[in-house]
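**Q** next come a sequence and a model predicted from it.
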Amino acid sequence: QLQLVESGGGLVQPGGSLRLSCVASGFTLSTYSIGWFRQAPGKEREGVLCISRSGDITNYADSVKGRFTISRDNAKNTVFLQMNSLKPEDTAVYYCAADRSAWNYCSGYPRTYEYWGQGTQVTVSS
């Protein structure tokens, strides 16, 4: 059974950092494009960053440029989202998702992705 599990969320003060993990089971994560999405209360789910099967990275959220990075550890079958200089507006449930439709491209549209994790809550507040 293909499964994605996110972890690493929590409560952090503005300016702080968190590293989210997305661990895959039942499949080899590097054979899929992996996207990180977030959804704040009352808002639509939005794409943040993604990494394609070829390793190409795309940033879909201008608000996180220079603060968030995505990386993949094939040995651990895990994709990470490093979040620095966090702001209250980063507060959301963060999801990772997997898509196998392209080699060197990853989409920022949720409907493209086949498999989803359960999400992890990130709250940025003083």
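**A** Yep, that arrived. Numbers count the residues shown, from 1 in each chain.
**Q** may I have the beta-bridge partners of the residue nearest to G119 when sequence neighbours are not counted?
**A** Spatial nearest neighbour of G119, excluding adjacent residues (Cβ to Cβ, 6 or more residues apart in numbering): V93 at 4.2 Å. (Glycine included, C-beta is placed from N, CA and C.) On the basis of DSSP bridges, V93 is bridged to Q39, Q121.
**Q** now do the strands in the protein.
**A** For the chain, the strands defined by DSSP state E occupy 3-7, 10-12, 18-25, 33-39, 46-51, 57-59, 68-73, 78-83, 92-99, 115-116, 120-124.
**Q** the third one - contacts with which helices or strands?
**A** What it means is strand 18-25. Judged by 3 or more Cβ pairs under 8 Å, 6 or more residues apart in numbering; DSSP states H and E, strand 18-25 is in contact with strand 3-7, strand 33-39, strand 78-83, strand 92-99, strand 120-124.
**Q** what's the answer for the first one, then?
**A** Counting contacts by 3+ Cβ pairs under 8 Å, 6+ apart, strand 3-7 packs against strand 18-25, strand 92-99, strand 115-116.
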